[in-house]
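Colleague: Coordinates only, no sequence provided:
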């Protein structure tokens, strides 16, 4: 049975293989690849790291969400406040919160 792992570009710019599916509280590094390039070179490097992981008993998975994107605070701008009714703004924010809820997709 294989263990899950995923590949990202680390903070230092190197391809990095992590254990798990991206939902873990702590990132556990399994292997470091080369510095990330662009285009076909990047694809080849990812494939090489994926094959190495497979040979070590890991199956590379795609995390369900962007692991590096910070949360975005949603605040209406002054233009929004001038143009929209406060109830409309509140309803829009409620709708967005519902989309973020587990099982909403």
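Modeller: Now that the structure is in, tell me what you want to look at. Just so we're clear, the structure is a prediction, and the values are computed from it rather than from any experiment.
Colleague: per-residue pLDDT, residue 68?
Modeller: Among the per-residue scores, residue 68 shows a pLDDT of 61.
Colleague: Centroid-wise, who is the farthest residue in this protein?
Modeller: Most distant from the centre of the chain: residue 82, at 35.0 Å, with distances by CA atoms, centre = their mean.
Colleague: part of a strand, is it?
Modeller: No - using DSSP: H, G, I helix; E, B strand; the rest coil, the assignment for residue 82 is helix, not a strand.
Colleague: And the helices in this structure?
Modeller: 40-55, 78-83, 86-100 (DSSP state H).
Colleague: Would you convert those into JSON lines that also reports distance to residue 8 and mean pLDDT?
Modeller: Where C-beta positions appear, they are placed from N, C-alpha and C, glycine not excepted. Listed next are the helices of the chain as JSON lines, based on distance: least, CB to CB, whole Å; pLDDT from 0 to 100:
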{"stretch": "helix 40-55", "distance to residue 8": "10", "mean pLDDT": "94"}
{"stretch": "helix 78-83", "distance to residue 8": "34", "mean pLDDT": "85"}
{"stretch": "helix 86-100", "distance to residue 8": "22", "mean pLDDT": "79"}
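Colleague: In stretch 74-94, which residues are buried?
Modeller: Within stretch 74-94, the residues scored as buried using 16 or more other CB atoms under 10 Å are 76, 89.
Colleague: show me what contacts residue 80?
Modeller: Residue 80 makes contacts with residue 89, as judged by CB atoms under 8 Å, 6 or more residues apart in numbering.
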